[in-house]
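Chemist: What follows is a predicted protein model with its sequence.
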Amino acid sequence: MILRRLLDSTPARLARQSSDLLQLVVLVGTGLVTVCGFGSAWMVALHLPLWTLAALAMLLPVGALITYYARCVYHPPDFVIEELDGSLVVTRVRGDDGRDHHRYAYTRQQRVRATRQIRLVGIRSHWSGQNRVIEGVTSLFPEHRLLDGAVAEEDGRVYRWLYLLGPLARGRRVNVGIRQVFEDVYAPMKPYYRESCEERRVGKLSVRVQFDRADAPAEAWQVVWRRTRSGSSRQEIARTRCEPSGACPAGKVVYEMTFRRPDRECAYGIWWRWSEDPPRRRRTSTSLGATTQLEHDVTPDSATGRW
């Protein structure tokens, strides 16, 4: 166990990458010497111009740099998310102590396409407040097995994986998802819900929040957050007021938003204000452009479920 941790440590990983780089440097140097020697003799014999040898010599370092980038720097994702649908149903309940709090039923479903053979699909979430779990995390599809990290890491996120119980070949698609129900009985949740791309390419992202009409928020906004440079938090970059959806179930109020090709560095969601909370003095953006238009592209200049 100690040896495995040592080999997986950052210095050991950097040493392996440095070793690969050193091997490439030696290979390039040997190739250059060989090309210069044989190339000079070849040029003299065939009376070729000098730029021909220079072009051949430049191909070796360029090829070495491309090889190093492909082996040590570029790490493509094992799958892409074609569709991501996040839903949160919020209900006010009365606790045993007579105080009111809220129950949250969270569902996240996504259709993924494998870019190489995979067996696991990772999903991460991050909740605020202090809650009591009513129904633990379960897989939406009984043919998949949920592997739950169960403990939040330093950044507050809980990592989970769905085991497909078999390999999924490259190019194949599968629907996966999770569901969880909990209550903020100990400390209230922050009044927002968002989903992100988890640094993956996503074709379509949808966020939906449902309330009982008798407990509907006083107002709500569509918000875009971008990851900070440190990567440990997100910063709000755009906000616009939104109205309830016209196709709401009887007795319900629904806020939803849908984006095509969202920025993988951003998170998108709904922020609301309860009627008993004071109005928030925040900058309201009226120029989100493509970000506020449903079923339109979201440009990179404009992101699981996370709170």
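Modeler: Structure's in. What do you need?
Chemist: which residues of the stretch 1-150 of the chain fall in helices?
Modeler: Ranges of helices in the stretch 1-150 of the chain, per DSSP state H, counting those that start in this stretch, are 2-8, 10-46, 50-68.
Chemist: Where does the residue nearest to R241 when sequence neighbours are not counted fall, secondary structure wise?
Modeler: Excluding its sequence neighbours, the residue lying closest to R241 (C-beta to C-beta, 6 or more residues apart in numbering) is W221, at 5.5 Å. Backbone N, C-alpha and C define where each C-beta goes, glycine included. Using DSSP states H and E, W221 falls within strand 219-227.
Chemist: Which helix or strand lies directly C-terminal to that strand?
Modeler: Counting by DSSP H and E, the next helix or strand C-terminal to strand 219-227 is strand 234-242.
Chemist: Could you pull up the mean pLDDT of that following strand?
Modeler: Taken as a whole, strand 234-242 carries a mean pLDDT of 89.
Chemist: Flag every buried residue along that strand.
Modeler: 234, 236-240, 242 (16 or more other C-beta atoms under 10 Å).
Chemist: could I get those residues as JSON lines with distance to G86?
Modeler: Converted to JSON lines, these look like this (distance: C-beta to C-beta, whole Å):
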{"residue": "R234", "distance to G86": "16"}
{"residue": "E236", "distance to G86": "18"}
{"residue": "I237", "distance to G86": "20"}
{"residue": "A238", "distance to G86": "18"}
{"residue": "R239", "distance to G86": "19"}
{"residue": "T240", "distance to G86": "19"}
{"residue": "C242", "distance to G86": "16"}
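Chemist: quick one on the thing from earlier: what does the strand holding W221 rub up against?
Modeler: 192, 194, 209, 233-242, 244, 255, 257, 263, 265-273, 284, 288, 291-292, 302-303 (C-beta atoms under 8 Å, 6 or more residues apart in numbering).
Chemist: What of stretch 142-150?
Modeler: 120, 137-139, 158-165, 176, 178.
Chemist: hmm, try it at 10 Å
Modeler: The contact list for stretch 142-150, computed with C-beta atoms under 10 Å, 6 or more residues apart in numbering, reads 120-124, 136-140, 157-166, 174-180.
Chemist: What are the buried residues along it?
Modeler: For stretch 142-150, by 16+ other C-beta under 10 Å, it's 144, 146.
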